[in-house]
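# Please work out how this folds:
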Amino acid sequence: MGKANIVIIIPAYEPNDKLRVVVRELKEAGYQHIIIVDDGSSNRCIPLFNELAKDCTVLRNTINRGKGYSLKKAIQYSLDHFPMMQLVVTVDADGQHQISDINAICNCHWRQPKAVILGVRDFTLPHIPMLRRMGNQLTSYLFQRRYHYLITDTQTGLRLFPRAILKDLVRISGDGYEYELAVLIWLVQQMIPICEQKIDTIYFEDQGDSHFKMIRDSFRIYRVLFGKKRGVKK
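Okay, the predicted model is just below:
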């Protein structure tokens, strides 16, 4: 199985030119199937998405629906339109994920083909914003206390999923950032193996995770973490 069997999914809301660079580097690295989800971005982004649609599949939400909604939309599209697909890799649109790291989690899959692979960052590095470091460490600690499983980077957007679980992923609740945590909870509950692959830890002063609303999105994440333990929708 090679890169022709891998689908890259990139949710994008109000992206800048970094998205163009991400796509170019993915193409140069041999990734053929790229799905970008325009999550209700403004009209200023239309030329960028139209340009990328020449080489990628671009799905559009008419309004901003959230990262979780966009991921599930693209996963379902992958199942419906890429019959040879064996893996889905989710990648952020802001350039925080290097091609070397995307390749690394794919290589990790070849060694552990049934596992979900997480590209995890090192939050002990001095350049990590303090609030980001504290938030991730707190969430990891609470996750371990509640589910007895340590995940060092619960909020990473670089994830690899084998095809066998994709139908379940689209039935997990959550439309925003909380969906990514709900997926981790489901994986642990189903005893699906999780492998962590260390990646470069990159933050941009002008962007970072700028669409993350600290109070609102943190509330949704912790509501999932401390809420009723749920499975997938039937």
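# measure Ser140 to Val224 for me?
Applying C-beta to C-beta, to the nearest Å, the value for Ser140 to Val224 is 15 Å. C-betas here are computed from N, CA, C, even on glycine.
# neighbouring contacts of stretch 48-65?
12-13, 15, 17, 19-20, 23, 27, 33-41, 69-70, 73-74, 77, 81, 175 (C-beta atoms under 8 Å, 6 or more residues apart in numbering).
# Contact partners for Ser70?
Contact analysis of Ser70 by C-beta under 8 Å, 6+ apart lists Pro11, Val37, Asp39, Leu59, Asn61.
# shaky segments in this structure?
Residues of the chain meeting the criterion pLDDT under 70: 1, 123-129, 131-133, 203-219, 228-234.
# what about the strands in it?
6-12, 33-39, 57-61, 87-90, 116-120, 159-162, 194-198 (DSSP state E).
# centroid residue for this structure?
The residue lying closest to the centre of the chain (C-alpha atoms, centre = their mean) is Gly157, at 3.2 Å.
# Please say which of Ser140 and Val224 ends up with more neighbours.
Relative neighbour count places Val224 above the other of Ser140 and Val224, with 21 against 18, counting by other C-beta atoms under 10 Å.
# Could you pull up the residues touching that one?
So Val224 contacts Gly174, Glu178, Leu181, Ala182, Ile185 (C-beta under 8 Å, 6+ apart).
# Now the second one. Nearest residue, chain neighbours left out?
Counting by C-beta to C-beta, 6 or more residues apart in numbering, the nearest residue to Glu178 once its immediate chain neighbours are dropped is Arg220, at 4.1 Å.
# Wait, the one you found touches Tyr177, no?
Yes: with contacts counted by C-beta atoms under 8 Å, Arg220 reaches Tyr177, the gap being 6.9 Å.
# The longest helix seen in the chain - contacts with which helices or strands?
Looking across the chain with DSSP state H, the single longest helix is helix 130-147. Packing partners of helix 130-147 (3 or more C-beta pairs under 8 Å, 6 or more residues apart in numbering; DSSP states H and E): helix 178-189, helix 214-226.
# Provide the backbone phi and psi angles at the closest residue in space to Lys72 that isn't next to it in sequence.
Nearest non-adjacent residue to Lys72, counting by C-beta to C-beta, 6+ apart: Val170, 4.7 Å away. For Val170, the backbone dihedrals (degrees, to the nearest 10) come out as phi -70, psi -10.
# quick one, what contacts Val170?
Contacts here follow C-beta under 8 Å, 6+ apart; on that basis Val170 touches Lys72, Ile75, Gln76, Leu79.
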